[in-house]
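Undergrad: dropping the sequence and predicted coords here.
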Amino acid sequence: MAAELIPSKNKLSPSPPASSSSSPNRNQQQNRTDHSSSPTGQGPHWQGLYPTIRERNSVMFNNEVMADVFFLVGPPGSTQRVPGHKYVLAVGSSVFHAMFYGELAEDQGEIRIPDVEPPSFLAMLKYIYCDEIQLCADTVLATLYAAKKYMVPHLARACVSFLEGSLSARSACVLLSQSCLFEEPELTLRCWEVIDAQAELALRSEGFCDIDARTLESILRRETLNAKELTVFEAALGWAEAECQRRDLDPSAENRRLVLGKAVYLLRLPSMPLDDFANGPAQSGLLTLGETNELFLWFTALNKPELLFCSAPRPGLPAQRCHRFQSCAYRSNQWRYRGRCDSIQFAVDKRVFVAGFGLYGSSCGSAEYGARIELKRQGATVGHNVVKYFSDGSSTTFPVWFEYPVQVEPDAFYTASVVLDGNELSYFGQEGVTEVQSGKVTFQFQCSSDSTNGTGVQGGQIPELVFYA
């Protein structure tokens, strides 16, 4: 998509196309230079400069020439006067058609539109007049609102596609609330995919505090959030403080509890580790003294009290594993590390979230390993972590995790790398394959130039990718 549409402040249309099937004659040359004789700024016979109706309509975009209606767009105090042409608008929108030519049409010279921002209104007109779509992250939601309001479905679909393509954990919660208002089920589903898989990031994002109460409750009810319950609690507490500010209330513990209302019971406080509860919710002031006592009894007493809080932990998303080797070697063979990098490239046919790798361990008894894991796309690091794991001497794989799951887009190659430090007599994979079907996702593998320790498609390390889909 192009950059944000900047409304033109003058009435000049774009220059005519640079290429033409024939050389302009003398009259055409005069039309191109004698701008003063035409209100379009392109000569009295400017129509002849443009071979298609689309190009000629483009001249009229945001142009007062022949305009028969004007829009006062934007809230009071920051309105912009935008010229329009009823016929062109009616052809592009059934709402404009009813407004100008329907049974209840009114002959208004000016129409006020206080609920649409001027840049978004102009972006919609740009599409209607010029058949061009120009979107940017800052205005795409407002443009979607305008496209929905005036029933311009192709522009609305383009806005949704833009939002889906640019969706991240930091924007998913806000977009979730908007997608419900716009009745866009595919965008809603896409938001949930990101929120579930990258819940820790989504709940800590600044946008989480801007969601409405209904969206907050739907998130707190979610069974598949991949997040610690303490993170969920802290997010709800931050939202409550922001809601107090929106209501002009002092963000005291009592008022935060007031704005949360019954949503507080959607927090699964009994599922927390005791230390998390004691150092977090128990000292937050959000709970009554009776609730705090009952929860401590729940953690410590044999006869547990009945609670209004759900005690079952959130299951989260089930992790899936893509295993790329058909067998592994052990004991009589050796695999040495010496600080060198084992690496492999992969691509997927559907969007997934890579949470970590499954790695081999020692082939001669138990041992502890240190691992520096990394995921890159086009040379840029998109995920990394430094972890330790314990190998029990078996040929099974041991999971190591990124700090947060990494969103991996389809049809692009990513580089998975690990530098291992530990017992050098380890298992390693054999009989690797270039394509693996794992659930509904197809993985393709190829050798990586970053690999300096022998790992490739046929054999080596990084036997598994752990992911959510």
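TA: Cool, got the structure.

Undergrad: could you verify that residue 82 is part of a strand?
TA: Yes. Counting by DSSP: H, G, I helix; E, B strand; the rest coil, residue 82 is found in a strand.

Undergrad: stretch 138-153: which residues count as buried?
TA: Neighbour counts using 16 or more other C-beta atoms under 10 Å place 139-150, 152 of stretch 138-153 among the buried residues. To be clear about C-beta, it is placed using only N, CA and C from the backbone, and glycine gets the same treatment.

Undergrad: ok, so of those residues, who is nearest residue 345?
TA: Using C-beta to C-beta, residue 140 is the member of the buried residues of stretch 138-153 that lies nearest residue 345, at 32.6 Å.

Undergrad: next one: phi and psi at that closest one?
TA: Main-chain dihedrals, residue 140, degrees, to the nearest 10: phi -70, psi -40.

Undergrad: go ahead and confirm residue 84 touches residue 70.
TA: Yes. Using C-beta atoms under 8 Å, residue 84 is in contact with residue 70, at 6.8 Å.

Undergrad: same drill for the two, tell me which one is more crowded.
TA: More crowded of residue 84 and residue 70, by other C-beta atoms under 10 Å: residue 84, with 23 against 15.

Undergrad: OK, contacts around the closest residue to that one other than its chain neighbours?
TA: Nearest non-adjacent residue to residue 84, counting by C-beta to C-beta, 6 or more residues apart in numbering: residue 69, 4.6 Å away. Residue 69 is in contact with 83-86, 89, 100, 108-111, counting by C-beta atoms under 8 Å, 6 or more residues apart in numbering.

Undergrad: could you rerun that using 7 Å?
TA: Applying C-beta atoms under 7 Å, 6 or more residues apart in numbering to residue 69 gives the contacts 84, 86, 109, 111.

Undergrad: for it, give its distance to residue 93.
TA: Residue 69 sits 13 Å away from residue 93, taking C-beta to C-beta, to the nearest Å as the criterion.

Undergrad: got it, and residue 152?
TA: From residue 152 to residue 93 the distance is 5 Å (C-beta to C-beta).

Undergrad: mutual contacts of those two, please.
TA: Going by C-beta under 7 Å, 6+ apart, residues that sit against residue 152 and also against residue 93 are residue 128.

Undergrad: just to revisit the earlier point, now the residue nearest to residue 84: how far from residue 76?
TA: Residue 69 is 20 Å from residue 76, by C-beta to C-beta.

Undergrad: go on, residue 346?
TA: Counting by C-beta to C-beta, the separation of residue 346 from residue 76 is 55 Å.

Undergrad: which one's more surrounded, these two?
TA: Each of residue 346 and residue 76 has its neighbours counted (other C-beta under 10 Å); residue 346 has more, 23 against 8.

Undergrad: for the helix or strand hosting the more buried one, name the packing helices and strands.
TA: Applying DSSP states H and E as the criterion places residue 346 in strand 341-348. Counting contacts by 3 or more C-beta pairs under 7 Å, 6 or more residues apart in numbering; DSSP states H and E, strand 341-348 packs against strand 414-421, strand 441-447.

Undergrad: which of these is buried the deepest?
TA: Most buried of those, by mean neighbour count (mean count of other C-beta atoms under 10 Å): strand 414-421, with a mean of 21.

Undergrad: quick one: the strands in the stretch 201-350 of the chain, in order.
TA: Taking DSSP state E, counting those that start in this stretch, the strands of the stretch 201-350 of the chain run over residues 320-323, 325-329, 341-348.

Undergrad: and of these, who's closest to residue 168?
TA: Closest to residue 168 of the strands of the stretch 201-350 of the chain, according to C-beta to C-beta: strand 341-348, at 18.0 Å.

Undergrad: how far does the closest one sit from its chain's centre?
TA: 24 Å (C-alpha atoms, centre = their mean, to the nearest Å).

Undergrad: adjacent strands (with direction) for that strand?
TA: strand 414-421 (antiparallel), strand 441-447 (antiparallel) (DSSP bridges).

Undergrad: could I get these as TSV with mean pLDDT?
TA: Output for the strands paired with strand 341-348, formatted as TSV (pLDDT from 0 to 100):
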stretch	mean pLDDT
strand 414-421	96
strand 441-447	97
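
Undergrad: and those strands as TSV, adding distance to residue 393?
TA: Formatted as TSV, the strands paired with strand 341-348 follow (distance: least, C-beta to C-beta, whole Å):
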stretch	distance to residue 393
strand 414-421	16
strand 441-447	27
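
Undergrad: relative to residue 390, which of those strands is closest?
TA: Comparing the strands paired with strand 341-348 by C-beta to C-beta, strand 414-421 comes nearest, at 13.4 Å.

Undergrad: ok, and for the next helix or strand after the closest one, which residues are buried?
TA: Sequence order places strand 428-432 as the next helix or strand after strand 414-421, per DSSP H and E. Using 16+ other C-beta under 10 Å as the test for burial, strand 428-432 gives 428-429, 432.

Undergrad: and if you look at stretch 155-172?
TA: 155-156, 158-160, 162-164, 167, 169-172.

Undergrad: same deal with stretch 371-390?
TA: 371-376, 382-383, 387, 389.

Undergrad: which residues touch that stretch?
TA: 354, 357, 359, 368-370, 398, 400-403, 406, 412, 414-420.

Undergrad: one more: stretch 392-402?
TA: Contacts for stretch 392-402 (C-beta under 7 Å, 6+ apart): 328, 330, 355-362, 365-366, 371, 373, 383, 385, 387, 389, 391, 427, 463-464, 466.

Undergrad: quick check on those: which are buried?
TA: 328, 330, 355-362, 371, 373, 383, 387, 389, 391, 427, 463-464, 466.

Undergrad: among these, which are in strands?
TA: 328, 355-359, 371, 373, 383, 387, 389, 391, 464, 466 (DSSP state E).

Undergrad: between all of the residues you listed, which two are separated the most?
TA: Of all pairs in those, the most separated under C-beta to C-beta is 328 and 383 at 25.3 Å.

Undergrad: give the residue spans of this protein that score low on pLDDT.
TA: 1-42, 331-333 (pLDDT under 70).

Undergrad: report the central residue of it.
TA: residue 167 (1.4 Å; C-alpha atoms, centre = their mean).

Undergrad: state the distance from the residue nearest to residue 454 when sequence neighbours are not counted to residue 417.
TA: Nearest residue to residue 454 in three dimensions, chain neighbours excluded: residue 460, at 5.5 Å (C-beta to C-beta, 6+ apart). As judged by C-beta to C-beta, residue 460 and residue 417 stand 12 Å apart.

Undergrad: cool, and residue 213?
TA: 44 Å.

Undergrad: go on, residue 201?
TA: Counting by C-beta to C-beta - residue 201 and residue 417 are separated by 22 Å.

Undergrad: now swap in residue 246 and tell me
TA: 45 Å.

Undergrad: so how far is stretch 211-220 from its chain's centroid?
TA: Taking the mean of its C-alpha atoms, stretch 211-220 sits 18 Å from the chain's own mean (C-alpha atoms, centre = their mean).

Undergrad: can you give the contact residues for that stretch?
TA: So stretch 211-220 is contacted by 173-174, 176-177, 195, 232, 236, 239, 263, 266-267 (C-beta under 7 Å, 6+ apart).
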